[in-house]
Structure formats: structure tokens, C-alpha cells
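**Q** need coordinates for the following:
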Amino acid sequence: MPDLMQVNTLQYVMNTNGGATRNDFVEDHAPIGEKLWNDLVRNGWVREDDNLRIFLTETGLRALIAQS
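**A** Alright, predicted model coming up:
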């Protein structure tokens, strides 16, 4: 289950609705953006599409809903 910081970052990804890239995410969560991104990827909660836009995975959406 995600911790509070991870929940907030999952919410961020959901709210961008594909309008942000991983670089946007890392910059917006500096100085720990890269670590946060890697945690989300390792847990299978986020993905990038072919255009490098970020989205929640089904697992990420379920993790976010479970914490609501």
C-alpha cells in the first residue's frame, strides 16, 4: 500500500491525465522526484506511453482508491 507521499504523487499523475511527462514529474517533485518516480515504477503504479506521457496503471488506480 502506498504511503502518504506516494498517494499524493499518484494523485498528481491522475490529475495530469497524460498531460505531464516523467521529466515534469521529477521537476515538480524536486529534489526527490527521481526517487519518487522510481518507487512508483517499482510498484507498478505508473507507466509512460510512447509519447513519454505518464499515466496510472490499473494497479496504481486501485492503490489510490484503496487509500481514499
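
**Q** what pLDDT is listed against H29?
**A** What the model reports as pLDDT for H29 is 96.

**Q** give the contact list for it.
**A** Applying C-beta atoms under 8 Å, 6 or more residues apart in numbering to H29 gives the contacts 9, 12, 36-37. All C-beta spots, glycine's among them, are computed from the backbone N, C-alpha and C.

**Q** with L61 instead?
**A** Contacts of L61 by C-beta under 8 Å, 6+ apart are M14.

**Q** a helix runs through it, doesn't it?
**A** Yes - with DSSP: H, G, I helix; E, B strand; the rest coil as the criterion, L61 is assigned to a helix.

**Q** that one and S68: what is the separation?
**A** From L61 across to S68, the span is 11 Å (C-beta to C-beta, to the nearest Å).

**Q** what about the strands in this protein?
**A** Using DSSP state E, the strands of the chain run over 46-48, 54-56.

**Q** with mean neighbour count added, can I get the ones you listed in JSON lines?
**A** What follows is these, written out as JSON lines (neighbours: other C-beta atoms under 10 Å):
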{"stretch": "strand 46-48", "mean neighbour count": "17"}
{"stretch": "strand 54-56", "mean neighbour count": "20"}
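
**Q** in TSV: those, plus mean pLDDT and distance to E27.
**A** Below are these laid out as TSV (pLDDT from 0 to 100; distance: least, C-beta to C-beta, whole Å):
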stretch	mean pLDDT	distance to E27
strand 46-48	97	15
strand 54-56	97	12
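
**Q** show me the helices in this protein, by range?
**A** Using DSSP state H, the helices found in the chain span residues 4-16, 22-28, 33-42, 58-66.

**Q** look up the closest residue to N23, ignoring the ones flanking it.
**A** What sits nearest to N23 in space, not counting adjacent residues and going by C-beta to C-beta, 6 or more residues apart in numbering, is L52, at 7.9 Å.

**Q** my guess is that neighbour contacts D24, does it?
**A** No - using C-beta atoms under 8 Å, L52 is not in contact with D24, being 9.6 Å away.

**Q** give me the more crowded residue out of these two.
**A** Taking neighbours as other C-beta atoms under 10 Å, L52 and D24 compare with D24 leading, 16 against 11.
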